[in-house]
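In: Predicted structure and sequence below. I'll ask about it afterward.
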Amino acid sequence: MGSLLMLWLFAALPGLLWASHSTLIVEGDNDASRICKPAPQWDIKGYAPMRDLLGNVAVVALLYPALYLVFHLFIRRIGGLRDRLNRSNMTEVSFIIVNERDAHSRAMYWELKRSAPTGVPVFQQQPLQNDVWEALDGDKDDFLVYDRCGLLTFHIVMPYSFLHHPFVEAAIRATYQKNICNCTLVDEGSEVADTASGGTHHHHHHDHHHDDPPSHQHHHDQHSSHQNQSLHQQDQGDSTSHHHHHHSPHQQHQHDH
């Protein structure tokens, strides 16, 4: 990781009064070219999880299960974060965990999977596959947040990614409530328009438990909050698209949960 970049957080957290935006310095890339761009292609045993998350805000956690008690606490805090978001009617947020591929991490996979909150899949990299963390330009305990079109809005790094800090939650709330990357949603027909690639994807909301990718078991979750999102869009004065000017998010870079 190279130079320091400016990260703009747009959110109001319970108990914290933020201004219209606040700044946070984090360590990141030499440039911010990845912000508002689709995630690079990556898969686990041929399964590409990001494709199924289009239409939801996606949170990718890169966890390294070094100390048993530490990663258990980290995972519990991910569950607590999701519960807080649900209580705020932010139910269309999907969390996934990508474990490191070294021998120690692979040995801890089943414990990590067992400890993960219900509905949060854990993906285990294989030793000889292309490194997902490297593809994402990520590192231990990073969080990457993607909007409904699959565009990167925040990459939060240590130490800001520790969940006793407000930054991960603020990034998720900002991505959910504000159209940082000009993602255009077409509610009719559940289509998601990828503004970066110009393509339109037909999407059905799923809650995927892909701890064992080859089985591709799908547990369908009917997202009752889709109506809430539609109402939110109407409040913004445009039910089909959001046009939001983002303050140079690649002056923005954020590297369980």
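Out: Good, I have the coordinates.
In: When you work out contacts or count neighbours from here on, use the C-alpha atoms and nothing else.
Out: OK.
In: Buried residues in the helix or strand containing residue 79, which are they?
Out: Element membership for residue 79, per DSSP states H and E: helix 68-87. Residues 71-72, 74-79, 81-82, 85 are the ones in helix 68-87 that count as buried (16 or more other CA atoms under 10 Å).
In: Next: stretch 168-188.
Out: Buried residues in stretch 168-188, defined by neighbour count with 16+ other CA under 10 Å: 168-176, 178-187.
In: likewise stretch 90-104?
Out: So for stretch 90-104, counting by 16+ other CA under 10 Å, buried means 90-101.
In: Tell me the one of those residues nearest residue 139?
Out: Closest approach between those and residue 139, by CA to CA: residue 100, at 9.2 Å.
In: From what I see, the closest one and residue 109 are in contact.
Out: No. In this structure, residue 100 is not within contact of residue 109 by CA atoms under 8 Å, at 9.2 Å.
In: Identify the contacts common to those two.
Out: residue 124 (CA atoms under 8 Å, 6 or more residues apart in numbering).
In: Now do the same for residue 184: its pLDDT.
Out: Model confidence at residue 184, given as pLDDT, is 84.
In: again with residue 167
Out: pLDDT at residue 167 comes out at 96.
In: Could you number the chain from 17 rather than 1 from now on?
Out: New numbering, starting at 17: the last item is residue 183.
In: and it, backbone torsions?
Out: The phi/psi pair for residue 183 (degrees, to the nearest 10) reads phi -70, psi -40.
In: Residue 176 versus that one, what's the distance?
Out: Residue 183 sits 6 Å away from residue 176, going by CA to CA, to the nearest Å.
In: in which helix or strand would I find residue 139?
Out: Using DSSP H and E, residue 139 maps to strand 138-140.
In: tell me the mean pLDDT for that strand?
Out: The pLDDT scores in strand 138-140 average 93.
In: who are the neighbours of it, in terms of helices and strands?
Out: strand 109-115, helix 125-131 (3 or more CA pairs under 8 Å, 6 or more residues apart in numbering; DSSP states H and E).
In: in this structure, which spans are strands?
Out: 20-25, 38-43, 73-79, 109-115, 138-140, 158-162, 168-172, 200-202, 207-209, 216-218, 223-224, 234-235 (DSSP state E).
In: Now render the buried residues of stretch 106-120 as a markdown table, adding distance to residue 156 and pLDDT.
Out: Converted to a markdown table, those look like this (distance: CA to CA, whole Å; pLDDT from 0 to 100):
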| residue | distance to residue 156 | pLDDT |
| --- | --- | --- |
| 106 | 26 | 96 |
| 107 | 26 | 95 |
| 108 | 26 | 96 |
| 109 | 22 | 97 |
| 110 | 20 | 97 |
| 111 | 16 | 97 |
| 112 | 15 | 95 |
| 113 | 12 | 95 |
| 114 | 10 | 94 |
| 115 | 9 | 91 |
| 116 | 8 | 90 |
| 117 | 12 | 87 |
